[in-house]
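J.: the following block contains a protein sequence and its predicted model.
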Amino acid sequence: MNTRAIPQHQKAGMTKEAISASLANHLFYSHIKNLPNATTRDWFQAAALVVRDRLIERWMETMQRYYEQDTKRLYYLSLEFLVGRTLSNATLNLELDEQLKAALYELGQEYEKVAGIEDDAALGNGGLGRLAACFLDSMATLDLPCYGYGIRYEYGMFRQRIENGVQVEQPDNWLRYGNPWEFPRPELLYQVKFHGHVVEYKHEDGSLHHHWVGTDDVMAMAYDTPVPGYGGKTVNNMRLWSAKSSRDFDLRYFNQGNYIQAVADKNDSETLSKVLYPNDTTEMGRELRLKQQYFFVSASLQDMLRRYKKHADSWAQLPDKIAVQLNDTHPSIAVAEMMRLLVDVHKLCWDEAWGLTTRIFSYTNHTLMPEALETWPVSMFESLLPRHLQVIYEINQRFLQQVMRQFPGDVELLRRLSIIDEGGGRRVRMSHLAIIGSHTVNGVAALHTELMKRTIFADFERIQPGKIVNMTNGITPRRWLNQANPGLAGLISGRIGKTWVTDLDQLKKLRDFADDSGFQGQFRAVKQANKGRLSDMIRKQLGIEVNPESLFDIQIKRIHEYKRQLLNVLHVITLYNRILTGTHHDSVPRTVIIAGKAAPSYVMAKDIIRLINDVADIVNNDQRVGGRLKLVFIPNYDVSNAERIVPAADLSEQISTAGTEASGTGNMKLALNGALTIGTLDGANVEIREEVGAENFFLFGLTTEQVEEQRRQGYDPQSFYHGNNELKQVIDMISNGFFCPDEPARYQSVTNTLLHHGDHYLLLADYASYVDAQDKVSDLYRDQQEWTRRAILNVAGMGKFSSDRTIREYAERIWHVAPVKAGAKNRAVG
């Protein structure tokens, strides 16, 4: 075939005129609309396709580079990718934003309105998914050959509405208008098996082989989404799997006239990718969650091995071409699935397959809470994944034999290290499977990693010292400063240039301007404009008037007891009481803003949301407060809402009990945007404080060691309750129904948890220290010049917390994957 005779596509132009022509063409040819009758959504779809065209060119070029150089690739397995809106992010990374804005303006459209109609991609819940999205951005910006693998959920976790103060969950149908960024790949279909049984047989050479038969099968179909790095030279791929039935319907039932039953199996199969995190309070919900995890892992590994075999004639080089990162325990079944594929399907011997597997995988742990480390009943595995249970038993037996040789006679050590937890109902410990099957395990903040070694994984550290390493999390400055806060981004670039967008360490140059009154004034003006925009949003959406001149005190994160939104509420009530009694005549006006979702089955978290709203209803409508205090709960916290809230923050609440938060990334986003932090020595707070300076951080609360000591000595919350009059008054008001006179006993379960059920997260122990630190916040905020100086120093100290730094460390120390830059020819990599 003469390839020179094939017509070549014409590259899409990057000028305003080319963009304008493309917009008109897509409106007409893709949406059958003329300019006068096009809706805002039509304009969004057209704009998305215009940007997508330009992404595709770079995407194809990127994939071609990877294939030509036969490079080692990193595959990032994550059950969540909270990418947010794509249009504004892609245009900024392609440096196309000004041209698109100008073209839309000339066509009578407002860019912000067009971009604002895009739905957030509901592919995640919170920090885990947002971290994964930041990592994908950095991988592409650093020209690293990386794929993200996950699930194409049709519905997100839920859309949160507040009705009479109560969280109400609604389906998040983010795909209702289609998704212009994704590309279905019907040619990429993989069979994923469940149930059935295992047949053993001996090969003619005497080796034992296994067939997994009688299975219920689901097909995984790929949907690809381009992920552009900054500058647009590298565009990587996020591949998400959607469940499809292995057949449209069972013809037997159809021929019998039972059409409902005929399609039932098809519908059951396709529920696998319907909803993010099904409710796991039921047996059916728990089984569905495990099926989701295996579904996307199996499809992803089959896809990786297919790609590898296209260019390789032996398995020996597999770890030189493939690295797989497990983002938390959710994808850890990948260790057993890789062994099944290599041994059962590709007929490698066990030792060869295990040698390859343990050189491929690495595992990131995101929690210190034993109850959050996933375990599954052996009985569920036996029914759902019978072959994998056999593989896990074999892995476990061989591992424990090694430990026995290293530590003979230590039966308790074997019990603690075993993948199978024999106590209280046999369960498979997924974190143990991930650790044993990985060459490297990492924590996500220095303190978190040290606590991993000392507590939950101390035995693994003992038998394999050095296997657990630290990779402090980071955030992408493209999304969280350049896009979310254009006013501050422009101010910074005007003083130090724009190289900070890809080299966040450049922000340290801002230290030279911390005492510059002119720069301080500009910095305050940007912050004030952001607060004004958030105030407008609160007024329009919630009908609450807030004072943009007040201190904006922000806590935005998943609602959970260990994150201690309840401690924040105790302080709000304390301020309210002080205002009413006149003990603080010159109190600084403060607007406390809280946002976050509670898991649908998490009763205490939902009670805390309702309490926040009940307290807000009283405080915000009490004329005696006189505008000095407002409490606002912003519903449906997601990436787009975060982009509005974060730039407006004066104070960042990072108040989890020391030793509970693995890292946190909200703390980084808020500090990067000029908020001062009030926090404990927990997670990445420790490192943020080191980088920005202890004097620019409002520290309070017990340390991890002091928390442990309190519990060892027998922590008594009653002693703190009776020993602090302000605290006692606040808790009594909640308990006695002051904030819910129509149902006085509504929050007795909340106060009972604090007073009579152990106050597990030590809110009462930390209350006095927290209130004292908040008083220091108010004192400093009165001095706007000094507050601004410290806020500038916070921004200047955030260079370490770029996800570019994190990903560079992963690539160099764990994955051994090298950049593949545009223009590089025939260079073997990694």
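T.: Cool, the structure landed.

J.: got any ranges where the stretch 1-150 of the chain has weak pLDDT?
T.: Applying pLDDT under 70 to the stretch 1-150 of the chain flags the ranges 1-10.

J.: just the strands in it please.
T.: With strands called from DSSP state E, counting those that start in this stretch, the stretch 1-150 of the chain shows them at 73-77, 146-151.

J.: CA atoms only for the first one, dumped as CSV, please.
T.: Extracted C-alpha coordinates of strand 73-77, given in CSV (Å, rounded to 0.1, in the frame of the first residue of the first chain):
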residue,chain,number,x,y,z
ARG,A,73,4.8,3.0,30.9
LEU,A,74,3.2,3.6,34.2
TYR,A,75,-0.4,2.5,34.8
TYR,A,76,-2.2,4.2,37.6
LEU,A,77,-5.1,2.1,39.0
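
J.: so how far is it from its chain's centroid?
T.: Put simply, strand 73-77 sits 16 Å off its chain's centre (Cα atoms, centre = their mean, to the nearest Å).

J.: cool, stretch 315-334 as well?
T.: Offset of stretch 315-334 from its chain centre (Cα atoms, centre = their mean): 20 Å.

J.: still on that earlier bit, want to try TSV for the strands of the stretch 1-150 of the chain, with distance to residue 389 and mean neighbour count as columns?
T.: The C-beta positions use only the backbone N, C-alpha and C, and glycine is treated the same way. Shown next, in TSV, are those (distance: least, Cβ to Cβ, whole Å; neighbours: other Cβ atoms under 10 Å):
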stretch	distance to residue 389	mean neighbour count
strand 73-77	21	25
strand 146-151	23	26
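
J.: okay if I get the ones you listed as CSV plus distance to residue 354?
T.: Formatted as CSV, those follow (distance: least, Cβ to Cβ, whole Å):
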stretch, distance to residue 354
strand 73-77, 19
strand 146-151, 22
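
J.: compare the ones you listed and give me the one nearest residue 106.
T.: Across the strands of the stretch 1-150 of the chain, residue 106 has its closest neighbour in strand 146-151 (36.2 Å, Cβ to Cβ).

J.: against residue 674, how distant is residue 569?
T.: For residue 569, the distance to residue 674 (Cβ to Cβ, to the nearest Å) stands at 25 Å.

J.: quick one: mean pLDDT over stretch 720-732.
T.: Average pLDDT, stretch 720-732: 98.

J.: in CSV, list the C-alpha atoms belonging to that stretch.
T.: What follows is stretch 720-732, C-alpha atoms only, in CSV (Å, rounded to 0.1, in the frame of the first residue of the first chain):
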residue,chain,number,x,y,z
PHE,A,720,-12.8,18.5,80.3
TYR,A,721,-16.6,19.1,80.1
HIS,A,722,-16.8,19.9,83.9
GLY,A,723,-13.5,21.8,83.8
ASN,A,724,-14.4,24.4,81.2
ASN,A,725,-17.5,26.5,81.7
GLU,A,726,-17.7,27.7,78.0
LEU,A,727,-17.4,24.1,76.8
LYS,A,728,-20.1,22.9,79.2
GLN,A,729,-22.4,25.7,78.1
VAL,A,730,-22.0,24.8,74.5
ILE,A,731,-22.6,21.1,74.9
ASP,A,732,-25.6,21.7,77.2
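
J.: quick check: buried residues in it?
T.: By neighbour count on 16 or more other Cβ atoms under 10 Å, the buried set for stretch 720-732 is 720, 721, 724, 726, 727, 730, 731.

J.: stretch 740-752 now?
T.: Here stretch 740-752 shows 740, 746, 747, 750, 751 as buried, counting by 16+ other Cβ under 10 Å.

J.: and those, which of them are in helices?
T.: Those of the buried residues of stretch 740-752 mapping onto helices are 750, 751, per DSSP state H.

J.: ok, the buried residues of stretch 740-752 vs residue 234, which is closest?
T.: Of all these, residue 234 sits closest to residue 750, with 49.7 Å by Cβ to Cβ.

J.: please give me every residue in contact with the closest one.
T.: If you count contacts by Cβ atoms under 8 Å, 6 or more residues apart in numbering, residue 750 has them with 566, 604, 607, 608, 611, 734.

J.: surely the last one and residue 610 touch.
T.: No. Contact status for residue 734 versus residue 610: not in contact, 11.5 Å apart, counting by Cβ atoms under 8 Å.

J.: contacts for stretch 340-348, please.
T.: 209-212, 301-302, 305, 315, 349-350, 352-353, 356-357, 387-388, 391.

J.: taking these one by one, which sit in strands?
T.: Per DSSP state E, strands hold the following members of the contacts of stretch 340-348: 209, 210, 211, 212.

J.: which residues does the second one bridge with?
T.: Using DSSP bridges, the beta-bridge partners of residue 210 come out as residue 200.

J.: my guess is residue 678 contacts residue 771. True?
T.: No. Assessed by Cβ under 8 Å, residue 678 is found out of contact with residue 771, at 10.9 Å.

J.: which one's more surrounded, the two?
T.: Shown here are residue 678 and residue 771; by other Cβ atoms under 10 Å, residue 678 has more neighbours (25 against 20).

J.: pLDDT score for the more buried one?
T.: The score at residue 678 is 98. That number is its pLDDT.

J.: list the buried ones in the strand or helix carrying it?
T.: Following DSSP states H and E, one finds residue 678 within strand 676-679. In terms of neighbour count (16+ other Cβ under 10 Å), strand 676-679 has its buried residues at 676, 677, 678, 679.
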